[in-house]
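[1] From the sequence below, what's the structure:
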Amino acid sequence: MAASNGSFSLFFFFLSFVVIIPTLQAHIAEYDDYWKQREMEAKEHTEKAYNPNPEEVTQHFNHHVARYKSVRLLIAIFQTTIFFFFFVELTLMGFNSTRRNLRGKRKGGPCEATNPIDQCWRCDPNWARNRKRLADCALGFGRGTIGGKNGRFYVVTDPSDNDMVNPKPGTLRHAVIQKRPLWIVFKGSMIIKLNQELIMTSDKTIDARGANVHVAYGAGITIQFARNIIIHGLHIHDIVQGSGGMIRDAEDHYGYRTRSDGDGISLFGATNVWLDHLSMYHCYDGLIDAIQASTAITISNCHFTNHNEVMLFGASDSYSDDQKMQITVAFTHFGKGLIQRMPRCRWGFIHVVNNDYTHWLMYAIGGSSHPTIISQGNRFVAPANSAAKEVTKRDYAPPEVWKSWNWRSEGDLMVDGAFFTQSGDPNASKKYAGNNMIYPKPAHMVSMLTRHAGSLDCIRGRPC
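    Okay, here's the model as predicted:
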């Protein structure tokens, strides 16, 4: 009986250990020397990527937007009367459709890049031969992220994902575990059903331009203790939890993983990440989660639909290292079927700029643990429910506490009764003011700025 009790106690301890580990180490069941080294390197890169003056980054971003708008003003003089009145009706009158009917329909005429990130590369008809030009285009906190620019091209030819320990050459899993920089492209359109989470190594670009690539109906993408990653042009949807097991996470290492959460993209201790032109919906957990001091991140030109908890930035009110988290969300369309967390923030500094919020059911932007949230030039279209008109939601703190949090709204357009409850120093916004700020009424241009949000239909030989 004593031996039996001892065995039971040992089993219970092991079970408890397995349950606790995913929380502490994000599904790494065996936290060996390899992962300890990656964690140590990730912390070093977090310190390097963290900007003690985040307002400099917001001003740099706003400078590019202001310069772009000056050019657009001159171009508008030469546009046709029909287009002019269409644009006025679409933007100034608060057009509330989530459809981007003209996206991908252009057959000729001038380049239709509608924001400064896209203008950096989309007007080049030879974009397919100059793919790595994209690496010079990130703005916001993720600027300087070059992904696999300094590496060779890797062509994914096989959509299968059958061997987790020895992935087949030509598959996406084989590409992302290589330890050298790579610019990963796709031979053609494909649906990739991941049997387990796809664990990326540093210095990679996943570039789906020119192909219709879906990561769907399986597990999602994990960027854990990795840096310098660009993911561009994917459709990511219908993501489920992975069951876990032995999974290769580098050319020279594999280990046992517990069940994955079911996020579309999960950032854990990641730095210098740029997620651009993604179409995402219907994942088991979040569309994008960034936790454990992930920083230097830009999420831009994305189209999110049909999901509950869209984005989580910071997973724990007790994890104070997330104060180093700095994220830009820009030119993104939050579309039909969304409920909450666009994003939900803890601790860090979040710049939410020139996004179009056309749908939410509970709230748009929320948080706890005194994050700084600077909202500039967004359009917020409130739902019909009178109890859900407020853009913002604070958690786990009474008003006497959250009133000191700097949540500021600058030039946002509120539609259908939407309102943003500001807090913090009434003059705090001046800290981010200056000649490089966006125009006084930038939100009137949001429909145009986000017109091409989501994965693009790029054709070789034409501007994308």
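[2] which regions of this structure lie under the pLDDT threshold?
    Judged by pLDDT under 70, the chain has its weakly predicted residues at 1-26, 29-31, 35, 49-50, 53-109, 428-441.
[3] Find the residue at the geometric middle of it.
    Centroid check for the chain by CA atoms, centre = their mean gives residue 299 as the closest residue, at 3.7 Å.
[4] sec struct for that residue, please.
    Using DSSP: H, G, I helix; E, B strand; the rest coil, the three-state assignment for residue 299 comes out as strand.
[5] who touches it in this structure?
    Applying CB atoms under 8 Å, 6 or more residues apart in numbering to residue 299 gives the contacts 275, 276, 288, 311, 327, 328, 329, 330, 332. Every residue, glycine included, has its C-beta placed from N, CA and C.
[6] same question, residue 325
    Shown in contact with residue 325 (CB under 8 Å, 6+ apart): 290, 293, 294, 295, 297, 313, 314, 346, 347, 348, 349.
[7] Could you do residue 122 as well?
    111, 112, 113, 456, 463, 464.
[8] what's the closest of the contacts of residue 299 to residue 216?
    Nearest to residue 216 among these, counting by CB to CB, is residue 288 at 15.8 Å.
[9] quick one: the helices in the stretch 151-300 of the chain?
    For the stretch 151-300 of the chain, helices defined by DSSP state H, counting those that start in this stretch occupy the ranges 172-176.
[10] from the contacts of residue 299, which two are the most distant?
    The widest separation within the contacts of residue 299 (CB to CB) is 14.8 Å, between 276 and 311.
[11] Those two: who's more crowded?
    residue 311 (29 against 26; other CB atoms under 10 Å).
[12] Please name the bridge partners of that one.
    residue 288 (DSSP bridges).
[13] From the contacts of residue 122, list just the buried residues.
    112, 113, 456, 463, 464 (16 or more other CB atoms under 10 Å).
[14] The residues you listed into a markdown table, with extra columns for secondary structure and distance to residue 136?
    Below are the buried ones among the contacts of residue 122 laid out as a markdown table (DSSP: H, G, I helix; E, B strand; the rest coil; distance: CB to CB, whole Å):
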| residue | secondary structure | distance to residue 136 |
| --- | --- | --- |
| 112 | coil | 20 |
| 113 | coil | 15 |
| 456 | coil | 18 |
| 463 | coil | 17 |
| 464 | coil | 15 |
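[15] nearest to residue 229, of those?
    For the buried ones among the contacts of residue 122, the nearest to residue 229 is residue 456 (19.5 Å; CB to CB).
[16] any idea how far that closest one is from residue 305?
    Distance, residue 456 to residue 305, using CB to CB, to the nearest Å: 16 Å.
[17] With residue 318 instead?
    Distance of residue 318 to residue 305, given as CB to CB: 33 Å.
[18] So if I had to pick from those two, which one is more boxed in?
    Remark: of residue 318 and residue 305, residue 305 carries more neighbours, 21 against 8, as counted by other CB under 10 Å.
[19] ok, that one - contacts?
    98, 280, 281, 335, 336, 337, 338.
[20] Would you mind measuring from the residue nearest to the centre of the chain to residue 263?
    From residue 299 to residue 263 the distance is 14 Å (CB to CB).
[21] Next, show the common contact partners of these two.
    residue 288.
[22] Once you drop chain neighbours, what's closest to residue 183?
    residue 148 (4.1 Å; CB to CB, 6 or more residues apart in numbering).
[23] isn't residue 341 right next to residue 304, touching?
    No - in this structure, residue 341 is not within contact of residue 304 by CB atoms under 8 Å, at 10.3 Å.
[24] so what sits against both of those two?
    Shared contacts of residue 341 and residue 304, counting by CB under 8 Å, 6+ apart, come down to residue 310.
[25] any idea how far the closest residue to residue 127 other than its chain neighbours is from residue 284?
    Closest residue in space to residue 127, ignoring its immediate chain neighbours: residue 464 at 5.3 Å, by CB to CB, 6+ apart. Using CB to CB, we find residue 464 at a distance of 32 Å from residue 284.
[26] same question, residue 184
    Per CB to CB, residue 184 is found 25 Å from residue 284.
[27] And these two? Which one has more around it.
    Per other CB under 10 Å, whichever of residue 184 and residue 284 has more neighbours is residue 184, with 23 against 16.
[28] what residues are up against that one?
    Taking CB under 8 Å, 6+ apart, one finds 148, 153, 154, 156, 172, 175, 176, 204, 205, 206, 207 in contact with residue 184.
[29] buried subset of those residues?
    For these, buried by 16+ other CB under 10 Å: 148, 154, 156, 172, 175, 176, 204, 205, 206, 207.
[30] nearest to residue 322, of those?
    Nearest member of those to residue 322, counting by CB to CB, is residue 204, at 24.3 Å.
[31] May I have the beta-bridge partners of the closest one?
    Beta-bridge partners, per DSSP bridges, of residue 204: residue 182, residue 229.
[32] Could you measure from it over to residue 327?
    Here the criterion is CB to CB. By it, residue 204 lies 20 Å from residue 327.
[33] And for residue 270?
    Taken as CB to CB, the span from residue 270 to residue 327 is 11 Å.
[34] shared neighbours of those two, anything?
    Counting by CB under 8 Å, 6+ apart, the shared contacts of residue 270 and residue 327 are 290, 297.
[35] Assess the claim that residue 286 and residue 310 are in contact.
    Yes - if you go by CB under 8 Å, residue 286 and residue 310 touch, sitting 6.8 Å apart.
[36] between those two, who's got more neighbours?
    residue 286 (27 against 24).
[37] Could you measure from that one over to residue 267?
    The gap separating residue 286 from residue 267 is 11 Å, by CB to CB.
[38] List the residues that contact residue 210.
    128, 185, 186, 458, 459, 460.
[39] Mind listing the residues bridging to the residue nearest to residue 191 when sequence neighbours are not counted?
    In space, and not counting its chain neighbours, residue 191 is closest to residue 214: 4.6 Å by CB to CB, 6+ apart. Counting by DSSP bridges, residue 214 is bridged to residue 191, residue 235.
[40] let's number from 650 now, not from 1
    All right, first residue 650 from here; so that's residue 863.
[41] Quick check: residue 863 vs residue 1064, distance?
    32 Å.
[42] Compare the two (neighbour count), which wins?
    residue 863 (19 against 16).
[43] That one touches residue 843, doesn't it?
    No - using CB under 8 Å as the test, residue 863 is too far from residue 843 to be in contact (11.1 Å).
[44] follow-up on the earlier one: could you export the buried ones among the contacts of residue 771 as TSV, including distance to residue 1033?
    Listed next are the buried ones among the contacts of residue 771 as TSV, based on distance: CB to CB, whole Å:
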residue	distance to residue 1033
761	32
762	34
1105	32
1112	39
1113	37
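[45] quick check, nearest of those to residue 888?
    Closest to residue 888, out of all of these and judged by CB to CB, is residue 1105, at 21.2 Å.
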